[in-house]
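Enquirer: got a predicted model here, sequence first, then my questions.
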Amino acid sequence: MKGKKHVHQLGRAVVAAVVLGSIIVLMFLGALHSPEPNDVEVALVGPKESTSMVGSRLEAAAPGAFDLTYVEDEAAARQAVLELETTAAFVPGPTESRLILAGASGALSKNALTEAFEQAAESGGGTLVVEDLTPLPSGDRAGLSPFLLTMGTLLPSFALAALVVIGGARAAPVRATITALAVGSGLLALVNACVVDPLLGALDGNFWGVVGALWLLSFSVAGVMLALHRVLGVAGLGVTVLAFLVAGMPTAGGAIGPNFIPEAFQVFTLATPAGEAVPLLRKLVYFDEAPIALELGLLSAWAAFAAFVLLIPRRREPSTTVAELAATIRRSGASRTVLVLVGEALAPTPERAGRSHLYSPGYAHAFRRRSLPGSTAGRPA
C-alpha cells in the first residue's frame, strides 16, 4: 500500500511539472515569439484630405496594425507623444516625411515603426526622417531596464512572502505580518533602486520615484501571496506565482512592449502588478509628462486587497495549558473573541487521548441514544 501511495505521489509531481512547464512555454513564447504591431496608436498630422490617403495605404498594407488618429496641429501631436497618448506621429510631405516618436518606449517599437513608415513615405514618392523625442540613454540602449527591474523585484517578493509563511505568519499578529511585509518590501525596493541607478546607471533619474514604485510592486505581490495563502493554503502560493509571474511577465511586453504582443495576451497586461509596474517605471524615468494615475491606482488596489484580506479576523485553535493560557492568547494576536475550552479530553498527549466519548457509538445519555451495532443512528451529525 505504501509503495502504491508513493508511486501516485511521484506521478502527480511529474504531471504537475509537465503542466507547469507547458503553461510557462505557452505564455512566454505565445506572447513574445513573433512580435507584430497590434493597434499601435499613431497620429497622422496634416489636413485630413492629405493624411487620409496615407491612412488608407497603411490599413491596406497592415490591417489592424495601427490605430490611426488624425491631427492637424503638429505641436499637439508632439505633446501627445511625450505624454504617451500616442506612440508616434507621422507628418507626410511631398518629398520628405517625418516620423516623430519616443525611442524610450523601446528599441523594437522604434525599429518596427520606422520600417512601416519608411514604406509609407516611399510609396508617396519621398523619404523618411525620424525624430526621436526621448532617445534611450547609453545605460539602457534596448529599453529593457524597466522590464528586467520589475522581474528582479517580483522574484524576491515571492521569496519574502514565502519566508514570512515559513516564519509563522498564521500564528503571528496581523499587524506584525503587515509591518514585516512593508519593511521587507521597502528594503528590497531601496537596494534594487541603488543597484539599477548609482551602481549600473541603467535607469538614471527619478531615484525616489523608482524606489516608491518598486516598494508598491513588492508589497502588492508579497501581500497578495500571503492573502491567498491565508484563504487557499499552500495552493495560494502557487496561484500567485502563476498569475503574477507566468501570466504577468510575458504579457507586460518584455523587450517588445504590450502593443506588439497578440491581442489575446493584451487583456492581461494591466491586470497584473508586472503589467502595471513596467509602464510606471518607464514613465517615471523617461516620460515625466505622462500621467501615472492609472498604474498607481491599480498597484494600490492590489495592496489594499491584500491588506483587507489579511486584516479579516480569523479563527485560530492553539493548544496550551492553563499556566500558559495568557501568553498563548497574546501570541495569537486575538483581539476580539476568545473561546477557552478546558479538559483532559482536549490534550494531544497519547496517555490522555480517547477521553472524549462524543463520537463513540456506545456512548449514551438522557438526550442521546446508543447506536446499534453496525449503525450510525443516534450519533451527532
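Expert: Cool, got the structure.

Enquirer: check which helices and strands the host helix or strand of Leu26 sits against.
Expert: Using DSSP states H and E, Leu26 maps to helix 2-32. Identification of packing neighbours for helix 2-32 by 3 or more Cβ pairs under 8 Å, 6 or more residues apart in numbering; DSSP states H and E yields helix 248-251, helix 263-266. Yep, even glycine has a C-beta here, placed from its N, CA and C like the rest.

Enquirer: buried deepest among these, which one?
Expert: The highest average neighbour count among the helices and strands packed on helix 2-32, using mean count of other Cβ atoms under 10 Å, belongs to helix 248-251 at a mean of 25.

Enquirer: A strand includes Val129, no?
Expert: Yes: under DSSP: H, G, I helix; E, B strand; the rest coil, Val129 sits within a strand.

Enquirer: ok, now how distant is it from Val81?
Expert: Computed as Cβ to Cβ, to the nearest Å, the Val129 to Val81 distance reads 15 Å.

Enquirer: between the two, which is the more surrounded one?
Expert: The residue with more neighbours, out of Val129 and Val81, is Val81; 25 against 13, by other Cβ atoms under 10 Å.

Enquirer: would you map out the domains in the protein?
Expert: Partitioning the chain according to automatic domain parsing yields domains covering residues 40-135, 140-311.

Enquirer: tabulate these in JSON lines, adding columns for distance to Arg12 and mean pLDDT.
Expert: Below are the domains of the chain laid out as JSON lines (distance: least, Cβ to Cβ, whole Å; pLDDT from 0 to 100):
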{"stretch": "domain 40-135", "distance to Arg12": "41", "mean pLDDT": "88"}
{"stretch": "domain 140-311", "distance to Arg12": "13", "mean pLDDT": "90"}
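
Enquirer: can you map out the strands along the stretch 51-200 of the chain?
Expert: 66-71, 88-91, 96-101, 127-132 (DSSP state E, counting those that start in this stretch).

Enquirer: now those as a markdown table including distance to Lys110?
Expert: Formatted as a markdown table, those follow (distance: least, Cβ to Cβ, whole Å):
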| stretch | distance to Lys110 |
| --- | --- |
| strand 66-71 | 15 |
| strand 88-91 | 9 |
| strand 96-101 | 6 |
| strand 127-132 | 7 |
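
Enquirer: which stretch among the ones you listed comes nearest Ala293?
Expert: The minimum distance between Ala293 and those falls on strand 66-71, with 21.8 Å, by Cβ to Cβ.

Enquirer: what pairs with the closest one, parallel or antiparallel?
Expert: Paired with strand 66-71 in the same sheet, following DSSP bridges, are strand 40-45 (parallel).

Enquirer: how far off centre is the partner strand?
Expert: 29 Å (Cα atoms, centre = their mean, to the nearest Å).

Enquirer: leaving out the residues flanking it, which one is nearest to the residue nearest the centre of the chain?
Expert: With distances taken as Cα atoms, centre = their mean, Pro273 lies nearest the centre of the chain, 3.0 Å away. Ranked by Cβ to Cβ, 6 or more residues apart in numbering and with sequence neighbours excluded, the top spatial neighbour of Pro273 is Ser220, at 5.0 Å.
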